[in-house]
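In: sequence first, predicted coordinates after that:
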Amino acid sequence: MKKIISSLAALALASAFASADDIKLSFYNKLYEEDAILYHSDEADETTKDFPGIKERMQAEVTSEKVDAMVKATVTLDDYDEKHFGLQGKVNDWYVEFRPVDKVALGFHTGIFADGSTLPIYDDNVNAANIGSDGFTVSVFPIENLRFAVTAPFSFDGSDDNGDINWINGKKEDNQQENFNIGFGAIYDHELFQIGASVQDVADSDQRQIGAYINLPKLFGKVEPLTIGAGFAHSETVLPVVGDKDLISLGTIEKCVFYKDLLSAYASFETEKVTVAAEMAYNLGYDDDTVYDFYSAASVSFGIVENLTATATGKILVDLKDKDETQKNITMGAFALDYDVNENNTVGAEFDIAMCDKDWAIAVPVYWKYHF
């Protein structure tokens, strides 16, 4: 509830500071299901059916000269104990950014990522490239196209025992030493390239993470359909690539890449008829028998007829350091059709299958999306 109230307040604040001529609003409402309907466990020799949760998601974003804000929330109808149905709500994301004077921005819960960290197929960014945070961020723009940010991460849950308090006085409640968590970074956006760098948890030598990223739109202006990006991250502690999320997740098959040193890259080639994308993340040094080291995905989208687009996607997770090959590769394939009914309405259907040795899971996502 507190997240919902804060998110709605952010939108209200944006509207209050924006004039009618200044304000821009984007919105979508998406009714969909995406969860696995069948999954098989070879160890249990069992194939299980499941009701995929029916989800209703809304996202609204306001931008203006002084204030930007966004809230995204989802309500899910599901059989949570495999017998009784219930409704559950979640605020997926939100932010508010206020620019009180020229060249200064104050942000709550603001993710600010270098473009080179993009994973276009997974539809997210590598966490190491974030020069903002879930807490409070101050950005300055000293020269044109340069953004420098200082951020203090913390939680907006309002709980004293959630382990996500940023302690200013150097002590936790259990009287153990705890450094104030602060990060900083910069992004320079040129017409031919973008470079970004970040340092997270600066004061803690056991938790510190640094990242550096480059993005080349239109390949220095030489190949207009092609954009590539890449980056490197080093962390003093073991971290997943995309926060607490799994790079492949379907039914009971879900895994991520963990790292201390990470190389990531992507490429996209887009024409009027065809879009091709690829992405990868590679753990360079961290060695653990239970950790996948390499993730890669590729997709191709093409127009079949007017307003109808088909997309084929493939993903793989590999444990390169498992000499005994006890941890099997995870592969996932998907084929999707999307149809633009009109300017504001889109419908789609998809078939997904993930496999890990003799375990497998199947999903058949469908959706209707209203957007403007």
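Out: Ah, there it is.
In: make it CA atoms for all contacts and neighbour counts henceforth
Out: Fine.
In: settle this for me: Asn29 is touching Lys72, isn't it.
Out: No: using CA atoms under 8 Å, Asn29 is not in contact with Lys72; the gap is 9.9 Å.
In: overlap in contacts of those two?
Out: In terms of CA atoms under 8 Å, 6 or more residues apart in numbering, Asn29 and Lys72 are both contacted by the residues Arg57, Met58, Gln59.
In: which one is the first one nearest to, not counting chain neighbours?
Out: Pointing back at Arg57 there. In space, and not counting its chain neighbours, Arg57 is closest to Thr74: 4.2 Å by CA to CA, 6 or more residues apart in numbering.
In: does the one you found really touch Gly53, like I thought?
Out: No: between Thr74 and Gly53 there is no contact under CA under 8 Å: 11.4 Å.
In: more neighbours: which of the two?
Out: Gly53 (21 against 18; other CA atoms under 10 Å).
In: quick check: closest non-adjacent residue to that one.
Out: Leaving aside its chain neighbours, Gly53 sits nearest to Asp78 (4.5 Å; criterion: CA to CA, 6+ apart).
In: strands along the stretch 251-372 of the chain, start to end?
Out: In the stretch 251-372 of the chain, the segments counted as strands under DSSP state E, counting those that start in this stretch are 253-255, 258-270, 274-283, 294-305, 308-318, 330-340, 345-356, 359-363, 366-371.
In: give me the distance between Leu320 and Asp293.
Out: 6 Å (CA to CA, to the nearest Å).
In: what's the answer for Tyr259, then?
Out: Distance from Tyr259 to Asp293, by CA to CA: 8 Å.
In: using CSV, write out the CA atom coordinates for stretch 123-141.
Out: The C-alpha trace of stretch 123-141 is given here as CSV (Å, rounded to 0.1, in the frame of the first residue of the first chain):
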residue,chain,number,x,y,z
ASP,A,123,14.3,-6.3,-21.8
ASP,A,124,16.4,-5.0,-18.9
ASN,A,125,19.9,-3.6,-18.1
VAL,A,126,22.9,-5.0,-16.4
ASN,A,127,22.6,-3.8,-12.8
ALA,A,128,26.3,-2.7,-12.6
ALA,A,129,25.6,0.1,-15.1
ASN,A,130,23.1,1.9,-12.9
ILE,A,131,24.3,5.4,-11.8
GLY,A,132,21.1,5.8,-9.9
SER,A,133,19.4,3.5,-7.3
ASP,A,134,16.2,2.5,-5.6
GLY,A,135,16.9,5.3,-3.1
PHE,A,136,17.7,9.0,-3.6
THR,A,137,19.8,10.3,-6.5
VAL,A,138,21.2,13.8,-7.2
SER,A,139,22.2,14.4,-10.9
VAL,A,140,24.0,17.4,-12.3
PHE,A,141,24.6,18.3,-16.0
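In: can you pull the buried residues of that stretch?
Out: Buried residues in stretch 123-141, counted by 16 or more other CA atoms under 10 Å: 125-141.
In: in strands only, show me the residues you listed.
Out: Members of the buried residues of stretch 123-141 lying in strands (criterion: DSSP state E): Asn125, Ser133, Asp134, Gly135, Phe136, Thr137, Val138, Ser139, Val140.
In: and these, which is closest to His371?
Out: The closest of these to His371 turns out to be Asn125 (CA to CA; 23.3 Å).
In: okay, and the beta partners of Asp359?
Out: Cys356 (DSSP bridges).
In: cool, Gly314 as well?
Out: Counting by DSSP bridges, Gly314 is bridged to Ala298, Gly333.
In: could you do Gln209 as well?
Out: On DSSP bridges, the residues paired with Gln209 through beta bridges are Gln200, Ser235.
In: the residue lying closest to Ser205 once chain neighbours are set aside - how many residues pack around it?
Out: Counting by CA to CA, 6+ apart, Ser205 lies nearest to Glu236, which is 7.0 Å off, once chain neighbours are set aside. By other CA under 10 Å, the residues close to Glu236 number 15.
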